[in-house]
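got a predicted structure plus its sequence, pasted below:
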Amino acid sequence: SKEYSKTKYNKATNKHLGILRKKISEIKKSIVESGRGQKGKGFFVKKTGDATVALMGFPSTGKSSIINVLTSAKSKTARYEFTTTTVIPGIMFYNEARIQIF
């Protein structure tokens, strides 16, 4: 864009300025597209029960342990991060209501 601003506009430089404008727009477009990022791996959980609760949080904070205590699910737990790498849903019964927790 420095070269573009230094170039004076006249009939002789018109084509050169057009080429510079095209290069600038291509660079801007590539910056916008590269900034979008990749979508992460998603998980689909079929909803069951009367309500659905999703537990989210930082690694090693006891989410799988809570699911194991509240439901009959057998989610793997350990003392290191990222032990659970998939969604493991469980059903909790509360006052005749079935609550899905994952």
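Perfect, thanks for sending it.

now the strands for the protein?
With DSSP state E, the ranges of strands along the chain come out as 51-53, 90-94, 97-101.

how about those strands, which one is nearest S60?
For S60, the closest of those is strand 97-101, at 18.7 Å, according to Cβ to Cβ. Where C-beta positions appear, they are placed from N, C-alpha and C, glycine not excepted.

sort out which residues of the closest one are buried, please.
Within strand 97-101, the residues that count as buried by 16 or more other Cβ atoms under 10 Å are I99, Q100, I101.

show the pLDDT at the last one.
What it means is I101. Looking at I101, its pLDDT is 90.

and the strands of the chain as JSON lines, adding distance to K74?
Output for the strands of the chain, formatted as JSON lines (distance: least, Cβ to Cβ, whole Å):
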{"stretch": "strand 51-53", "distance to K74": "18"}
{"stretch": "strand 90-94", "distance to K74": "9"}
{"stretch": "strand 97-101", "distance to K74": "14"}
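
select, out of those strands, the one closest to L17.
Per Cβ to Cβ, nearest to L17 of the strands of the chain: strand 51-53, 58.1 Å.

can you give me the mean pLDDT across the closest one?
Taken as a whole, strand 51-53 has a mean pLDDT of 90.
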